[in-house]
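Colleague: Quick one, fold the following:
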Amino acid sequence: MTARPHRADRSLLRPLAVLFIAGALAGCNFFESPDEPDDPARIERTAIVTGAFEAPGGARELAFLPDESAPGNGMLAAAGLQGGLSIFNMDGRELISASGPRLRGLAGIGGFPLRGETLPLVFGMDENGALRGYAVVRAIDEVIELPLEGDLPGGSSLCLYGLGIGYIDLAILADGDEARIVRLSDGGGQGLSVRQRESRALPFPARSCARAGSDLLVAGPTAGIARVDERGETRASSDRLPGSSIAYSELLGRPAALMVSPESGLMDVLDARSLELITRVRFEAGLGAPGFDSPSALALTDENFGGGAFSNGVAAAYDRADGRIKLIAREVITRTTLAEDS
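Modeller: Numbers count the residues shown, from 1 in each chain. Sure, this is the predicted structure:
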């Protein structure tokens, strides 16, 4: 005769089960946050600055101007601290210096067909909240302001949202909790035609943005960072305060949001999907290039800028401590960020 297993009183098993589960969970964290690592040294890494050059007017904002036909001729636009635009080549030579208003949120296009010419364009928002556009004309080494007409929404900043045949899409951050996507095209009028395509709600007033797929990464100096989809829904958020304009890139396929801090001197690299911290990078001096001290502006491109170092893209940061723009090969950022993941 087979004996039946003894059945314990359920009233006794229940508290024992609770104690067992609680004890097991005490040693586990299913939602471990990289923002608070057990070992801070594990999250901070070091890398070397690739190059640096003087920026006589400083740089409030930065934007790359790639050249697809001749990558080595790509340029970098800098919005001066006191206003105006400077255009540099990648060797650090200032090609053009132009007076103008103080600009916020710089967007650069390497080549756009305009009345029979293909010219680099730069867009920004001035201190009065007006959209401004400029053509970079290397033939005469001048920056010429473009007339804009149509639906001209005001705002505090902007970023490049899309680029296609004959059009440019910009995301303009309105003064309130809203972003407006506008399309610029050459319709044959007196200037570039501007038409609003859509608007989306934001969780807070933002002062910088970057496109991440069809979503927007937005950042505010006191509100933190958020990822907002096309419906205006917040997909992720973080209270980490941005020290600079936010940038987006895919590092070996991993979506990343990047920013630099003048207080810490570090570059923060976040997972662009969850906005959790991946790593913090301290950039040290390279050959003839000082390290980061107080970086306060950031731009990043995946485009080819020539040579071995910048063929897979490049980042630029303005360091207000020494008045230099410092260049970092995108490949360096990728290797440093994903060193433990590969």
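Colleague: Find the nearest non-adjacent residue to the residue nearest the centre of the chain, please.
Modeller: Geometric centre of the chain, nearest residue: A247, 0.9 Å, by C-alpha atoms, centre = their mean. In space, and not counting its chain neighbours, A247 is closest to L300: 3.9 Å by C-beta to C-beta, 6 or more residues apart in numbering. The C-beta positions use only the backbone N, C-alpha and C, and glycine is treated the same way.
Colleague: Just give me the longest strand of this protein.
Modeller: Counting residues, the longest strand found in the chain (DSSP state E) is strand 103-114.
Colleague: what packs against that one?
Modeller: For strand 103-114, the packing partners by 3 or more C-beta pairs under 8 Å, 6 or more residues apart in numbering; DSSP states H and E come out as strand 61-65, strand 75-79, strand 117-126, strand 157-164, strand 167-173.
Colleague: got JSON lines for these, with distance to S311 and mean pLDDT too?
Modeller: Compiled in JSON lines, the helices and strands packed on strand 103-114 are given as follows (distance: least, C-beta to C-beta, whole Å; pLDDT from 0 to 100):
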{"stretch": "strand 61-65", "distance to S311": "14", "mean pLDDT": "98"}
{"stretch": "strand 75-79", "distance to S311": "16", "mean pLDDT": "98"}
{"stretch": "strand 117-126", "distance to S311": "20", "mean pLDDT": "97"}
{"stretch": "strand 157-164", "distance to S311": "21", "mean pLDDT": "97"}
{"stretch": "strand 167-173", "distance to S311": "25", "mean pLDDT": "98"}
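Colleague: how about low-confidence regions in the protein?
Modeller: Counting by pLDDT under 70, the chain has low-confidence residues at 1-42, 340-342.
Colleague: Show me which positions of stretch 246-261 end up buried.
Modeller: Within stretch 246-261, the residues that count as buried by 16 or more other C-beta atoms under 10 Å are 246-249, 251, 254-261.
Colleague: So which of these sit within strands?
Modeller: Checking the buried residues of stretch 246-261 against DSSP E, those in strands are 247-249, 251, 254-260.
Colleague: and those as JSON lines, adding distance to Y167?
Modeller: Output for these, formatted as JSON lines (distance: C-beta to C-beta, whole Å):
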{"residue": "A247", "distance to Y167": "23"}
{"residue": "Y248", "distance to Y167": "21"}
{"residue": "S249", "distance to Y167": "23"}
{"residue": "L251", "distance to Y167": "29"}
{"residue": "R254", "distance to Y167": "30"}
{"residue": "P255", "distance to Y167": "25"}
{"residue": "A256", "distance to Y167": "27"}
{"residue": "A257", "distance to Y167": "26"}
{"residue": "L258", "distance to Y167": "27"}
{"residue": "M259", "distance to Y167": "29"}
{"residue": "V260", "distance to Y167": "31"}
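Colleague: sorry, back to before: correct me if wrong: the residue nearest to the centre of the chain contacts M259.
Modeller: Yes. Between A247 and M259 there is a contact under C-beta atoms under 8 Å: 6.9 Å.
Colleague: how close does P120 get to A297?
Modeller: Remark: distance between P120 and A297 (C-beta to C-beta, to the nearest Å) = 19 Å.
Colleague: what's the answer for S214, then?
Modeller: Noted for S214: a distance of 26 Å to A297, by C-beta to C-beta.
Colleague: Give me the more crowded residue out of these two.
Modeller: A297 (25 against 9; other C-beta atoms under 10 Å).
Colleague: circling back to that earlier point, will you turn the helices and strands packed on strand 103-114 into CSV that also has mean neighbour count and distance to V314?
Modeller: Putting these into CSV (neighbours: other C-beta atoms under 10 Å; distance: least, C-beta to C-beta, whole Å) gives the following:
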stretch, mean neighbour count, distance to V314
strand 61-65, 26, 7
strand 75-79, 26, 9
strand 117-126, 21, 16
strand 157-164, 19, 16
strand 167-173, 23, 22
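Colleague: This completes my enquiry, with thanks.
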